[in-house]
Structure formats: C-alpha cells, structure tokens
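J.: sharing a model that was predicted from the sequence below.
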Amino acid sequence: HYELTFYTHAQLGPKNETIVCGTCFKDEDGNPKPCAVCDHQNALRRAGASWDDTKHLAQKRRQLWYFEDQEDLPAGIQVFEASYFGKGQGFGEMIQNKLDVSDEDSPRHNFFHLDGGSTITVLTKEDKFQGRVFYKPVSLEMDLSKKVYPESILDKLVPLESLLVETSYEKAEAMIGGSAPPEGGE
C-alpha cells in the first residue's frame, strides 16, 4: 500500500524520544497490543488529571508514504514520513482536502494507482519546531496526466508496517517514569 497511518508518542524520557504507540502492533490473535503510554495517560485522567496536564502523552497521527522524487529519479522509490495534521497544512490533510472536493470517480481518487496515477507536486517552506528544522508543505497540486509504473515495482517495496519499530511495554513504561498511578489517586 502506498501509505501507512500510525501513531506515536513524542518527547518521552530524559532523551525526549519518540516511540510508535504500542496499539499500532498486533498480538498473536490480531488484536492491538497494549500501550504503556496510553495506559498511563488514561490512568492519570481517571485519577482526575486534566487534558492539559496529560496531552503531552497523547498519540500523534503520523504517516509513511512511498514516493518518487521527480527531480531525483535515480534515487528510486523512497519513504517519506509526515504528520497528518498541521493546522490545515499537514501533508495528509492536504491530500484529503483534494479528495474531499473531487467526485468519487475523479482521477484524483486514483492518484496512487500504478496505471493512471497522478504526480503530486508539493511546495514546502523551511520551518522550525522545538529547535528542529523541518519542511512544511504550503501547497499541493495533483497533475492528472497519467503516470504508469509496472506492477513488478511492488516486488521491490517492503510493507510499510514492517518499517515501524516496536518498543516493549516495559521500556515505554520506564521512559515515562514507571507504571501508571493506581486507580483513584497517586
């Protein structure tokens, strides 16, 4: 698949690390695994903490995308990670906005197809957040001229979910300073 939506928890522990939310992984029965950070946030909320006090623990929606940089074709198919949300300017939001204003049978809805897909042009602007430089999308256009890729290209791509790194419940718990507080208090 050309895109994978997943969730992270950011700025955990003394190193301000980001981990993939445990619920993005499945147990042997195919059910979402528990997440120490989500469990900790939920326990704090049940114990009376406000949303403002716990929002730093909340899941952040992220996406992985397969793409081909038209200005660097020799690099081949690459992976791009982006935030879905961005005050109307997140990469996922911008694509969804294009889909929302087009008909179901529009070529825009097939932008990701190997045969008849579209080229998406994204203009970015350098920005900073918490001391880190990133490139924020400022406009996104879909060129509806048909692009064709051979189906054999899929043989070279790994499933995007295989790129996610799982952090054990115990390690995530240690990163947030221990286990969740007991029900009803401290």
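T.: Arrived safely.
J.: quick one: residue 142 and residue 114, what's the gap?
T.: 16 Å (C-beta to C-beta, to the nearest Å). Just so you know, the C-beta spots here come from the backbone N, C-alpha and C atoms, and that holds for glycine as well.
J.: ok, residue 23 next?
T.: Applying C-beta to C-beta to residue 23 and residue 114 gives a distance of 31 Å.
J.: and for residue 53?
T.: For residue 53, the distance to residue 114 - C-beta to C-beta - is 47 Å.
J.: now do the least confident helix or strand in the chain by mean pLDDT: everything it contacts.
T.: Least confident helix or strand of the chain, by mean pLDDT, DSSP states H and E, is strand 132-148 with a mean of 82. With C-beta atoms under 8 Å, 6 or more residues apart in numbering as the test, strand 132-148 has contacts from 82, 86, 89-91, 94-95, 98, 107-108, 111, 114-128.
J.: and the helix or strand following that strand, what's buried?
T.: Scanning forward in sequence from strand 132-148 by DSSP states H and E, the next helix or strand is helix 169-175. Within helix 169-175, the residues that count as buried by 16 or more other C-beta atoms under 10 Å are 172, 173, 175.
J.: could you check how far the nearest residue to the first one once chain neighbours are set aside is from residue 50?
T.: Distances taken as C-beta to C-beta, 6 or more residues apart in numbering put residue 36 closest to residue 172, at 3.9 Å, once the chain neighbours are dropped. According to C-beta to C-beta, residue 36 and residue 50 sit 21 Å apart.
J.: cheers, nothing more for now.
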